[in-house]
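Undergrad: Can you look at this prediction? I've put the sequence above it.
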Amino acid sequence: PATDGIFSYLTKKEGKNIHDSGIIEVTTNSLFSFRYHPKNLLNFGKDIYKANQTKSVMIIFDFKQIKIDITGYAIKTAKGFPKQGQPKSWKLEISNDGVNWDIIDEISNCERLNNPDTIQLFFNVKRKYFARYCRFNHADNCWMYPSNNYLLRFKGIDFFGNAKI
């Protein structure tokens, strides 16, 4: 499928979740519960990631021995209804040391993700260099009805591009 990227390739090759097998480490500053761990994003749709807040959520993908040159990415939202915690505004950043970050994409008020169980592709990234880390930095509130306080949640993310070991 068009959404088969680096995570999909590595998962098929490994035969299981690539965070659990130690190929990639996924961490976050916001975790609702272990059941909704960000490693679920690597499975692109089997389980969801759920934050314990609506904004200032960061998810870091450490590719460890692999360096990637991202040319695009895909995001899949969770089931439900519009305005129920879908990602809204974010920066996609890369780094080789996990300290200094370069923005390769920045999205504001993404209406295309304000729907349940949908996949959107993003290919306007600014390619910079092969990097060890990629950070999804959700800076704004997620999509939510004004009277509700839905937590950020989505089903998957995958990156397209080149990899070198």
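TA: Yes, it's here.

Undergrad: C-alpha from now on. contacts and neighbour counts both.
TA: OK.

Undergrad: who does the residue lying closest to Trp90 once chain neighbours are set aside bridge with?
TA: Excluding its sequence neighbours, the residue lying closest to Trp90 (C-alpha to C-alpha, 6 or more residues apart in numbering) is His138, at 4.2 Å. Beta-bridge partners of His138, counted by DSSP bridges, are Val57, Trp90.

Undergrad: Spit out the contact partners of His138.
TA: 55-58, 87-91 (C-alpha atoms under 8 Å, 6 or more residues apart in numbering).

Undergrad: closest to Lys39 among those residues?
TA: Using C-alpha to C-alpha, Met58 comes nearest to Lys39 of the contacts of His138, at 13.2 Å.

Undergrad: Would you agree that closest one is in contact with Leu31?
TA: No: Met58 is not in contact with Leu31 according to C-alpha atoms under 8 Å; the separation is 10.1 Å.

Undergrad: Strands of this structure, start to end?
TA: 25-28, 49-50, 57-62, 67-76, 90-95, 102-107, 119-122, 133-138, 153-154, 156-164 (DSSP state E).

Undergrad: Those: which one's closest to Gly5?
TA: The closest of those to Gly5 is strand 156-164. By C-alpha to C-alpha, the value is 4.8 Å.

Undergrad: just the angle between that closest one and strand 133-138, please?
TA: For strand 156-164 against strand 133-138, the angle between stretch directions is 150 degrees (axes from the mean of the first three to the mean of the last three C-alpha atoms, to 10 degrees).

Undergrad: In contact with the nearest residue to Asn141 once chain neighbours are set aside, which residues?
TA: Nearest non-adjacent residue to Asn141, counting by C-alpha to C-alpha, 6+ apart: Lys55, 4.7 Å away. Shown in contact with Lys55 (C-alpha under 8 Å, 6+ apart): 138-142, 152.

Undergrad: Roughly how far does the residue in the chain sticking out farthest from the centre sit from Asn137?
TA: Computed with C-alpha atoms, centre = their mean, the residue of the chain farthest from its C-alpha average is Ser147, at 26.5 Å. Relative to Asn137, Ser147 is positioned 25 Å away (C-alpha to C-alpha, to the nearest Å).

Undergrad: likewise Lys12?
TA: Where Asn137 is concerned, Lys12 sits at a distance of 27 Å (C-alpha to C-alpha).

Undergrad: More neighbours: these two, which one.
TA: Asn137 (20 against 11; other C-alpha atoms under 10 Å).
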